[in-house]
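Visitor: just the structure for this:
(one chain, ligands or ions: 1)
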Amino acid sequence: MKKDPFFEKMANLGLALTYDDVRLRSGYSETDPRDVLIESFFSKNIPLHCPIVSAPMDTVTESKMAIAMAKLGGLGIIHKGLTPEIQSNHVKKVKLHLNGLIEKPITVKADDIVGAIEERQQNKDYGFHSFPVVDEGGKLIGLISRNDFDLNNDKSLRARDIMTVLAELITAPVNTSLEEAYSILKQARKKILPLINDKTELTGLYVFSDVNRLLTDSSSLYNVDKSGHLRVGAAVGTGNAEIERASLLVRAGVDVLVIDTAHGDSKNVYETLKTLKQSHPKVDIVVGNVSEGESAKRLVDAGADGIKIGQGPGSICTTRIIAGIGCPQVTAVYNCAKAVRGSGVPVCADGGIKNSGDITIALGLGAHSVMLGRVLAGTTETPGEIRLTAQGRMKIYRGMGSLGAMQSSRTARERYRQGEDDIKKLVPEGIESVVSYQGDLANVLFKQIGGLRSGMGYVGAKTIAELQEKADFHRLSGAGMIESHPHDVTIIDSAQ
Ligand code: XMP
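Guide: As a prediction, this is how the structure comes out:
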C-alpha cells in the first residue's frame, strides 16, 4: 500500500510515531466530502454506518450512550464495572429500545396485582408500559396499556380488572409485516398490535412508535440487527466468573462481546477467547488490547473476530509511564493492521484520538473503526451528573485503571491484574479527571464525522477501503505541528 514505504523508513530509523507526528498527504480528488461512504465494520459480522465506537468505561458507556451511538450509526460497548446482572439489564434496555417485531413480549397473568406489575416495571427499568395479558397456556386474553395504569388508583386490583379484553383489541396474524402493522395501527388509531396464531396464542407484538421510527428516513442511519433492534456490545474480562457474565450478556441479546484487557496477548485471554468461541459460536468476540503486529496476528490465528489496538495512548492512561511499555499509537495501529491485512478481521484503533483529523489518520493507517473515550466523555449521554464548577459545567471522566475505578470494581482491577489479595494495595494505571460538558452526543459526532468526511475528500477517497489504500503520510516536525494549529492570533472563537 501507498503508506508502506513511509513506515519502512520510520522503522529503519527506529522511530515509532503518534497522531501529532504525522498528517495525511492530500491528493488528486474527485470526491465531494458529502458523498463519501463511511460504512465499516467493528468485527467480522458487526457492521457500522459510522466507524465510531464508544469505550467500555464507567464514565462513558451504559445503555443511554449505547442507544445514542447505535442511532447515529456507530456502536456502544457497555462497560464491565457493573455486576453481570446490571450490565445485562443495560444490554436489554438497548435491545428493547427500538423494536420492529417484538418476538417475545413481556407478558403478565390475569391474576397479577397491578402494584406488583408496576414495581416490576420500575425495578427492571422497562421503558414501556404496555403488557399483553396471557393465560397459563400463553393465549392472549387482554392488554394493559399506560392509560390503564394511569387511570387506576387502586394498586391492589388485578390485571384482569383493568385490562382491555381480547374481544375489544385489534390483533393481527402471525406473519404480519412491519408495513402491514403500520397501516393497521394507523387506520385503527391504536398504539399496540398483538400478533396471534389460530389458537389465539400470543406470537409477537408491534408498537406504533417503534414501527413509525423504523419506517421514517431518520432511522436509515440506525445500526440495527436483522430484527430491527439496535446493536450493542458489552465488555467482559477473563476467567470463569467472566464466562458466566458472557452467558448472561448473550442471553440478554448482546451482539458482540469485547474481551477488554490491558494486555490482550496473554495466556488467560486466549483461554477465555477459546471458551467463549465454543460456547457462543454465533456471537462475535473482539479482543484487546495489543500494540504489536505479532500480537494482533496471534489473536487472529486464535479466532478473534476483531482486534483492538492501543496500549497507553488514552487521555487518562498512565500505563506507559507506570509500566514502561507500549508503542505510540500511529505505529501500533499501522503495524497491527498490516499484520492482519487480508484476514478479514477488522481492527479498531482505541485511545488517543483528540481531534477529528486523528480519526481520518487512524482509518488511513488501516483501522476499520476508532474507539473514543475522552471525545465523548462530556456529552449528555454519559453516566454521571453535570457538575457546576468555577471552570463551567463539567463531567467526570476516569480511566478504568484509576484508583477510583479499581476500588469500585473487581473487573477493573482484573483488567490490570491487581487487587486479588488487598484492594487497598493498588498501582493505578490511569487517572481521574473532569472534562467540559459538550451537550448532546449527536452534535459532537456530527463534528467528528464532518472532519473525517473532509479528510477523505482531501485524500480523494470515496470509501474507507479507498482511504486505507490511498493514505500516505508526512512526518511532522514540532514547527510543523505548531503551524497546523491556529497561531499568531488571539482566538475569539475556538470553533470547538
Ligand atoms: P481516550 O484517549 O479516547 O482513550 O480517552 C480511551 C481508551 O483508554 C483506555 N483506557 C485506559 N488505559 N489506563 C490505561 O492505560 C486506564 O485507566 C484506562 N482506562 C481506559 C481504553 O482502551 C479506552 O478505550
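Visitor: hey, let's count contacts and neighbours off CA atoms from now on
Guide: Will do.
Visitor: list phi and psi for the residue in the stretch 101-250 of the chain positioned nearest to the ligand.
Guide: Using C-alpha to the nearest ligand atom, the closest approach of the stretch 101-250 of the chain to the ligand is made by Ala235 at 10.9 Å. The phi/psi pair for Ala235 (degrees, to the nearest 10) reads phi -90, psi 140.
Visitor: what's near enough to touch it?
Guide: Taking C-alpha atoms under 8 Å, 6 or more residues apart in numbering, we find Ala235 in contact with Pro56, Ile77, Ile78, His79, Lys80, Leu257, Val258, Ile259, Asp260.
Visitor: for Ser227, same thing?
Guide: Asn99, Gly100, Leu101.
Visitor: now rank the residues you listed by neighbours and give me the top one.
Guide: Using other C-alpha atoms under 10 Å as the neighbour criterion, Gly100 leads these with 26 neighbours.
Visitor: what score does the nearest residue to that residue once chain neighbours are set aside have for pLDDT?
Guide: In this structure, Gly100 finds its nearest non-sequential neighbour in Gly228, 5.0 Å apart by C-alpha to C-alpha, 6 or more residues apart in numbering. For Gly228, the pLDDT comes out at 80.
Visitor: Thr490 now?
Guide: Note on Thr490: pLDDT of 91.
Visitor: got the phi/psi numbers for it?
Guide: For Thr490, the backbone dihedrals are phi -100, psi 120 (criterion: degrees, to the nearest 10).
Visitor: next, count neighbours for it.
Guide: By other C-alpha under 10 Å, the residues close to Thr490 number 8.
Visitor: the residue of the stretch 101-250 of the chain closest to the ligand and Gln278: what is the separation?
Guide: Distance of Ala235 to Gln278, computed by C-alpha to C-alpha, to the nearest Å: 18 Å.
Visitor: looking at this structure, which helix or strand is least sure?
Guide: For the chain, counting by mean pLDDT, DSSP states H and E, helix 410-415 ranks last in confidence among helices and strands (a mean of 80).
Visitor: tabulate the CA atom coordinates of it in CSV.
Guide: Extracted in CSV, the C-alpha atoms of helix 410-415 (Å, rounded to 0.1, in the frame of the first residue of the first chain):
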residue,chain,number,x,y,z
ARG,A,410,-13.3,-6.2,40.6
THR,A,411,-13.3,-6.4,36.9
ALA,A,412,-11.5,-3.0,36.6
ARG,A,413,-8.8,-4.4,39.0
GLU,A,414,-8.6,-7.6,36.9
ARG,A,415,-8.1,-5.6,33.7
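Visitor: in terms of secondary structure, what does that helix contact?
Guide: Counting contacts by 3 or more C-alpha pairs under 8 Å, 6 or more residues apart in numbering; DSSP states H and E, helix 410-415 packs against helix 403-408.
Visitor: about what we covered before: rank the contacts of Ser227 by pLDDT and give me only the lowest.
Guide: By pLDDT, Asn99 ranks lowest within the contacts of Ser227, coming in at 75.
Visitor: isn't that residue right up against Val211?
Guide: Yes. Look at Asn99 against Val211 with C-alpha atoms under 8 Å: they come within range, at 7.3 Å.
Visitor: how about the residues of this structure by the ligand?
Guide: By C-alpha under 6 Å from any ligand atom, the residues of the chain that approach the ligand are 55, 312, 314-319, 350-353, 371-374, 399-402, 429-430.
Visitor: so what pairs up with Val134 in the strands?
Guide: Beta bridges link Val134 to Lys109, Leu140 when assigned by DSSP bridges.
Visitor: tell me the SS of the residue lying farthest from the centre of the chain?
Guide: Distance from the C-alpha centroid of the chain, by C-alpha atoms, centre = their mean, peaks at Ala167 (42.9 Å). Assigned by DSSP: H, G, I helix; E, B strand; the rest coil, the conformation of Ala167 is helix.
Visitor: what about Met1, neighbour count?
Guide: 10.
Visitor: do the same with Ser484
Guide: Neighbourhood size, Ser484 [other C-alpha under 10 Å]: 12.
Visitor: now it: phi and psi?
Guide: Phi and psi for Ser484, reported as degrees, to the nearest 10, are phi -70, psi -30.
Visitor: so in the chain, which helix runs the longest?
Guide: When the chain is parsed with DSSP state H, its longest helix is helix 441-459.
Visitor: identify the residues contacting it?
Guide: Residues beyond helix 441-459 that count as contacts (C-alpha under 8 Å, 6+ apart) turn out to be 24-34, 36, 38, 50, 68-69, 72, 355-357, 359-360, 375-376, 379-381, 438, 462-463, 467, 470-471.
Visitor: I am finished for the moment; much appreciated.
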